[in-house]
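**Q** Predicted model, plus sequence, below.
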Amino acid sequence: MKTERFGTLGDRAVCAHTLSSASTTVTIIDYGARIASLTFKGVSCVCGFSDMAGYLADNDYHGAIVGRYANRIGEGKFTLNGKDYTLALNEKDRSHLHGGKVGYSNRLWTPVNFTEDSITLSLFSPDGEEGYPGNLYITVTYTLKNDALSIDYTAKTDADTVINLTNHAYFNIGGVGEESVHDQTLTLYADAIAEVNEILIPSGKLIPTAGGAFDFTTPKKIGKDMASDDIQLKMGGGYDHGFRLTQNSPCAILHSEKSGITMEIDTTEGGIQIYTGNFMTADNPFFGKIPQTAGGAVALECNKLPDSPNRPEFPSCVLKAGETYTQTTTYRFS
């Protein structure tokens, strides 16, 4: 592993940590514990920026660990143990997204352990931060072995809280800037999506995917049904939905005919958010020269279903005091 200076955040240094295996190289930066770059056989597979200026201008969570609650919480409110909590509203003043106005994506994480093939970073999230209860102690470990990148998450709290962590990397395995992900083939082992309204907050209803625009159980190009008149696709301007998984290993397979690369995803989570970069049109270019374009990448976020603090019909996201939250997601390249 190689560590070097990447930039600064205020008066603090931000470092980049690079792991390499047979055909894969991945760089993690302290800022947001982000995947800043990932290449497989020389193909750039994850969107990122050349310097801190790019990340400081970024509003799309590129490569970041997001939380305390990844995804959306409607009206920024939930009730836990009979007490009402109000969170920061940072999406259209109507919902709480990816941890709020600051969130873990904009925090400087602390590297606490290194090996030849892994790095562990930690973060302390104090009670009341962004409105959440409980002091939360988090570690995230990135491990690269045999062209597989695993992310192991752990967290402990001193008071009951809600938690939902994920990584928000945007993948283009045809090469960043080289191919629209609409032309890539996705297999997704999921049987339902969480129905959402016009601001992408779930109703609580799960809609079966079988036979419709959201059915990827048989491999198909991501863009095949993008022009469908399915009302849920119109809500998100494309895919931006939580899918209920039916299997975990793999839970998803992405393939590019252009590069010949296949990425398989394993996870311990029961859901995955598929976001096809529908609004990825910011001015700051990737790696100094590649323009951002809608459909230029896809985020595959393994986590809980959205708004689960307010949806008792969804799997629980509550972490009780003294218990340990764990999650593992692995991306395997071939």
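**A** On my side now, so go ahead. Because the structure is a prediction, the values reported are computed rather than measured.
**Q** Please enumerate the strands of the stretch 51-200 of the chain.
**A** For the stretch 51-200 of the chain, the strands defined by DSSP state E, counting those that start in this stretch cover 65-66, 72-74, 77-80, 83-86, 95-97, 110-114, 118-125, 136-145, 148-157, 161-162, 166-167, 170-171, 185-188, 190-196.
**Q** So for stretch 72-84, what gets flagged as buried?
**A** 72, 73, 74, 75, 76, 77, 78, 80 (16 or more other C-beta atoms under 10 Å). Where C-beta positions appear, they are placed from N, C-alpha and C, glycine not excepted.
**Q** End to end on it, go ahead and measure it.
**A** One end of stretch 72-84 sits 17 Å from the other (C-alpha to C-alpha, to the nearest Å).
**Q** who touches that stretch?
**A** Where contact means C-beta atoms under 8 Å, 6 or more residues apart in numbering, the residues beyond stretch 72-84 that reach it are 85-89, 91, 94-97, 131, 133, 160-162, 200-202, 306-307, 309-310, 318.
**Q** Report the mean confidence score over that stretch.
**A** The average pLDDT for stretch 72-84 rounds to 98.
**Q** Surely residue 313 is in a strand?
**A** No. Applying DSSP: H, G, I helix; E, B strand; the rest coil, one finds residue 313 to be coil, outside a strand.
**Q** neighbours of it, just the number please.
**A** A total of 11 residues lie near residue 313 under the criterion other C-beta atoms under 10 Å.
**Q** So it sits against residue 195, correct?
**A** No. Using C-beta atoms under 8 Å, residue 313 makes no contact with residue 195, being 11.7 Å away.
**Q** Need the overlap of contacts for those two.
**A** Common contact partners of residue 313 and residue 195 (C-beta under 8 Å, 6+ apart): residue 204.
**Q** Can you show me the helices along this protein?
**A** Assigned by DSSP state H, the helices in the chain fall at 52-56, 231-236.
**Q** What residues of the shortest one count as buried?
**A** Of the residues in helix 52-56, 54, 55 count as buried by neighbour count, 16+ other C-beta under 10 Å.
**Q** and residue 74, bridged to which residues?
**A** Note on residue 74: beta-bridge partners by DSSP bridges are residue 95.
**Q** same question, residue 324
**A** Under the criterion used (DSSP bridges), residue 324 bridges to residue 156.
**Q** looking at it, it is touching residue 157, isn't it?
**A** No. Between residue 324 and residue 157 there is no contact under C-beta under 8 Å: 9.3 Å.
**Q** Which one's more surrounded, the two?
**A** A direct count of neighbours by other C-beta under 10 Å for residue 324 and residue 157 places residue 157 higher, at 25 against 10.
**Q** give the contact list for the more buried one.
**A** With contacts defined as C-beta under 8 Å, 6+ apart, residue 157 is in contact with 134, 135, 136, 137, 163, 319, 320, 321, 323.
**Q** Type out the ChimeraX command that picks the buried ones from the residues you listed.
**A** Only the buried entries of the contacts of residue 157 go into this ChimeraX selection, using 16+ other C-beta under 10 Å:
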select :134,135,136,163,319
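**Q** Among the contacts of residue 157, which one lies nearest to residue 262?
**A** residue 163 (31.4 Å; C-beta to C-beta).
**Q** Can you tell me the closest non-neighbouring residue to that closest one?
**A** Using C-beta to C-beta, 6 or more residues apart in numbering and skipping residues adjacent in sequence, the residue nearest residue 163 is residue 319, 4.7 Å away.
**Q** what's near enough to touch the one you found?
**A** By C-beta under 8 Å, 6+ apart, the contact set of residue 319 is 134, 155, 157, 160, 161, 162, 163, 325.
**Q** Now with 7 Å, please.
**A** 155, 157, 161, 163, 325 (C-beta atoms under 7 Å, 6 or more residues apart in numbering).
**Q** For the helix or strand of the chain with the lowest mean pLDDT, enumerate the helices and strands it packs against.
**A** Lowest on mean pLDDT, DSSP states H and E among the helices and strands of the chain sits helix 231-236, with a mean of 92. Under the contact criterion of 3 or more C-beta pairs under 7 Å, 6 or more residues apart in numbering; DSSP states H and E, helix 231-236 touches strand 190-196.
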